[in-house]
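Colleague: Could you work out the structure for the sequence below:
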Amino acid sequence: MPLPLVLITHTLPEDWMAALEGRVRAVTGPVDATRFDPALETHLPEAEGIFCLLTIPIRADLLTRAPRLRVVSNMAVGYDNIDVPACTARGIPVGNTPGVLTEATADLTMALLMSAARGLPQSANDAREGRWSTWRPAGWLGMDLSGATLGIVGMGKIGKAVAIRAKAFGMRLVYSDEVASPEIETAVAAEKLPLEMLFRQSDIISLHCPLTAETRRLVNAETLRLMKPTAILINAARGPIVDTPALIVALRSEQIAAAALDVTDPEPLPPDHPLYSLPNCLIVPHIGSATHNTRRRMAELACDNLLAGLAGRRLPNCVNPEVYQ
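Modeller: Numbering: from 1, shown residues only. Predicted coordinates for the structure are as follows:
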């Protein structure tokens, strides 16, 4: 009996994918794929599994061309790139990789937070370009984190990990989350606030909510106007949670002090995008989970999900468990 055919949207290190060796026939896309590669599409009629990254949309029209498909495994926690209802309607389980990237993403969030609060990109650039002529008492002043209020939007695993780190810096913690359990307030000593009050009170706002219809453009012209002119916005969640044109206006007019973004909309930003020209905006290329151990473990979990689906077993991490009912 032939091995099941699996389409892998990106070329990944061989040792990350070792679990698949001898167990599947794999057709792999390019390392920097930005869409489902046309060479892979020719294999959709025979494909029994798809291993994808969050940058590749897996939509209903693609699914209809894969009549033998039995599992979709996403190497990410988020799965807004996948038409999950369409998969569920077909009885196709969808896997993700929760938990494994929590600590790495929280670390990156704190790096963005501290860099923006102390103006590190601007001061490093000034030093490099010769504008550091002497020690200046009033030069390159930043925000004190101790005593500052951090507003966390989305108190899931990553939000909680950020809260624990921020508490060690002496920050006051507030949060907004419709589904977080009441115990979270005691666990991280955070105060739950309505979203509007959180925007008004916070010195730094950090986004950690999933991208849904309700959170898309949650940060927009109206909510940005609620923020303090000294406030900083951090986004390590999903780019479309922030209305990019509104953010540009807020940064240019100094309506808010700064932004630090691990994710953007669109993603990636074109090199000539206006956000890159703003000295009060720090942008990094979606590296929240980019540590050696974390990325490897994500791939391994995605392989586990894929193999379970191909074998007809329940996925270790399934986002649509109703397919098993």
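
Colleague: contacts for the lowest-mean-pLDDT helix or strand in the chain?
Modeller: Taking mean pLDDT, DSSP states H and E as the measure, the helix or strand of the chain with the lowest value is helix 183-188, at a mean of 77. With contact meaning C-beta atoms under 8 Å, 6 or more residues apart in numbering, helix 183-188 is reached by 155, 160, 163-164, 167, 173, 175, 177, 190-192. To be clear about C-beta, it is placed using only N, CA and C from the backbone, and glycine gets the same treatment.

Colleague: Most neighbours among the residues you listed, which one?
Modeller: residue 175 (27 neighbours; other C-beta atoms under 10 Å).

Colleague: Am I right that it is in a strand?
Modeller: Yes - counting by DSSP: H, G, I helix; E, B strand; the rest coil, residue 175 is part of a strand.

Colleague: Touching, it and residue 193? I think so.
Modeller: Yes - contact between residue 175 and residue 193 holds when scored by C-beta atoms under 8 Å: they sit 7.2 Å apart.

Colleague: can you list residues touching both of the two?
Modeller: Going by C-beta under 8 Å, 6+ apart, residues that sit against residue 175 and also against residue 193 are residue 151.

Colleague: Could you point out the longest helix of the chain?
Modeller: Selection of the longest helix in the chain by residue count, based on DSSP state H, yields helix 292-310.

Colleague: could I have that helix exported to CSV, CA atoms only?
Modeller: These are the backbone C-alpha positions of helix 292-310, laid out as CSV (Å, rounded to 0.1, in the frame of the first residue of the first chain):
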residue,chain,number,x,y,z
HIS,A,292,15.9,27.4,17.9
ASN,A,293,14.0,25.2,20.4
THR,A,294,10.6,26.8,19.9
ARG,A,295,10.5,26.6,16.1
ARG,A,296,11.8,23.0,16.1
ARG,A,297,9.2,22.0,18.7
MET,A,298,6.4,23.7,16.7
ALA,A,299,7.4,21.7,13.6
GLU,A,300,7.5,18.5,15.7
LEU,A,301,4.0,19.1,17.1
ALA,A,302,2.7,19.8,13.7
CYS,A,303,4.2,16.5,12.5
ASP,A,304,2.5,14.7,15.4
ASN,A,305,-0.9,16.3,14.4
LEU,A,306,-0.4,15.3,10.8
LEU,A,307,0.5,11.7,11.5
ALA,A,308,-2.3,11.3,13.9
GLY,A,309,-4.8,12.6,11.3
LEU,A,310,-3.4,10.3,8.6
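
Colleague: Run through the neighbouring helices and strands of it.
Modeller: strand 49-52, strand 71-74, strand 94-95 (3 or more C-beta pairs under 8 Å, 6 or more residues apart in numbering; DSSP states H and E).

Colleague: Which among the ones you listed is found nearest to residue 270?
Modeller: strand 49-52 (23.5 Å; C-beta to C-beta).

Colleague: Switch the helices and strands packed on helix 292-310 over to CSV; also include distance to residue 20.
Modeller: Formatted as CSV, the helices and strands packed on helix 292-310 follow (distance: least, C-beta to C-beta, whole Å):
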stretch, distance to residue 20
strand 49-52, 8
strand 71-74, 11
strand 94-95, 14
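
Colleague: tell me the most buried of these?
Modeller: Of all these, strand 71-74 carries the top mean neighbour count, a mean of 29, counting by mean count of other C-beta atoms under 10 Å.

Colleague: From the contact counts, what lies against that strand?
Modeller: Under the contact rule (3+ C-beta pairs under 8 Å, 6+ apart), strand 71-74 is packed against strand 49-52, strand 94-95, helix 292-310.

Colleague: hmm, who's touching the second one?
Modeller: Around strand 94-95, the neighbours that count as contacts under C-beta under 8 Å, 6+ apart are 71-74, 79, 82, 84, 87-88, 301-302, 305-306, 308-309, 315-320.

Colleague: So which bits of the next helix or strand after it are buried?
Modeller: Proceeding N to C from strand 94-95, the next assigned helix or strand is helix 102-117, under DSSP states H and E. Within helix 102-117, the residues that count as buried by 16 or more other C-beta atoms under 10 Å are 102-113, 115-117.

Colleague: Sketch out the helices for the stretch 1-150 of the chain, chain order is fine.
Modeller: For the stretch 1-150 of the chain, the helices defined by DSSP state H, counting those that start in this stretch occupy 38-41, 60-64, 84-90, 102-117, 120-128.

Colleague: and stretch 202-217, average pLDDT?
Modeller: For stretch 202-217, the per-residue pLDDT values average out at 96.

Colleague: What is the end-to-end distance of that stretch?
Modeller: 19 Å (C-alpha to C-alpha, to the nearest Å).

Colleague: Off-centre distance for it?
Modeller: 11 Å (C-alpha atoms, centre = their mean, to the nearest Å).

Colleague: Check stretch 165-178 too.
Modeller: For stretch 165-178, the separation from the chain centroid amounts to 19 Å (computed by C-alpha atoms, centre = their mean).

Colleague: Tell me which of the helices and strands packed on strand 71-74 sits nearest to residue 286.
Modeller: Short answer: helix 292-310, nearest of the helices and strands packed on strand 71-74 by C-beta to C-beta, at 11.8 Å.
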